[in-house]
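Peer 1: Quick one: sequence plus predicted model below, questions after.
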Amino acid sequence: MIEENGLVVNTVDDDNRYVWVQTQRKSACGSCSAKSGCGTQLLSKVFGQKLNRVKVLNSCNAKPGDQVLIGLEDEAILKGSFALYFVPLISLIIFSFVSTSIAKFLLFSMSMIDLSSILGAIFGLVIGIMVVRIYSVLGIDKTVYEAKIIKILPKFGIRFQ
């Protein structure tokens, strides 16, 4: 489970089922041996650490002003990554292969076969993206992808600027 500290800033709805939690983006820099000559650390110093607002399932009945620990299941990251990256990619490859095979079967010239391969790949990519979009809108198992409050932290925990 991926966990992050945050501050509840507001409720989303009247029944207090969801809340807005403010988290502070952390830089991955500072722990490696190349931190003194690293361009990434320099950029993080220039742009600073930004605050993010996240809509979170309020499973601990937290109120605005509470410092909380929020979490997201590892399964959500794996399923989301698969859906966003592999489904459009696999669709692109399949449609490209099918369109090329059809063009070869119809005895098109090489330039037409290449064109059909490109058009099939673009069509497959669009279809793959549409499949992911429909899956996300329908929310087949939406609760898996929601961050939730794990526990309310003591008041002396984190501070936000």
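Peer 2: Perfect, thanks for sending it. Residues are numbered from 1 along each chain as shown.

Peer 1: report the longest strand in this protein, please.
Peer 2: Longest strand of the chain, by residue count under DSSP state E: strand 2-11.

Peer 1: Name the residues that touch that one?
Peer 2: With contact meaning CB atoms under 8 Å, 6 or more residues apart in numbering, strand 2-11 is reached by 18-23, 53-54, 56, 58, 62-72, 74, 77, 150, 153, 157-158, 160. Placement of C-beta: from N, CA and C, glycine included.

Peer 1: Please repeat the previous calculation with a cut-off of 6 Å.
Peer 2: 19-23, 62, 64, 66-72, 158, 160 (CB atoms under 6 Å, 6 or more residues apart in numbering).

Peer 1: List the first helix or strand encountered after the least confident helix or strand in the chain by mean pLDDT toward the C-terminus.
Peer 2: The helix or strand of the chain with the poorest confidence is helix 39-47; it has a mean of 63 (mean pLDDT, DSSP states H and E). Counting by DSSP states H and E, the next helix or strand C-terminal to helix 39-47 is strand 51-57.

Peer 1: what's the angle from that next one to strand 2-11?
Peer 2: With axes from the mean of the first three to the mean of the last three CA atoms, to 10 degrees defining the directions, strand 51-57 sits at 90 degrees from strand 2-11.

Peer 1: Can you point out the buried residues in strand 51-57?
Peer 2: Val56 (16 or more other CB atoms under 10 Å).

Peer 1: For this protein, which residues score under the pLDDT cut-off?
Peer 2: Filtered on pLDDT under 70, the chain yields the residue ranges 25-49, 139-142, 156-161.

Peer 1: Show me where it has its helices.
Peer 2: Under the criterion DSSP state H, the chain contains helices at 39-47, 74-81, 87-105, 110-138.

Peer 1: How far away from the center of its chain is the last one?
Peer 2: Centroid separation for helix 110-138 versus its chain: 22 Å, with CA atoms, centre = their mean, to the nearest Å.
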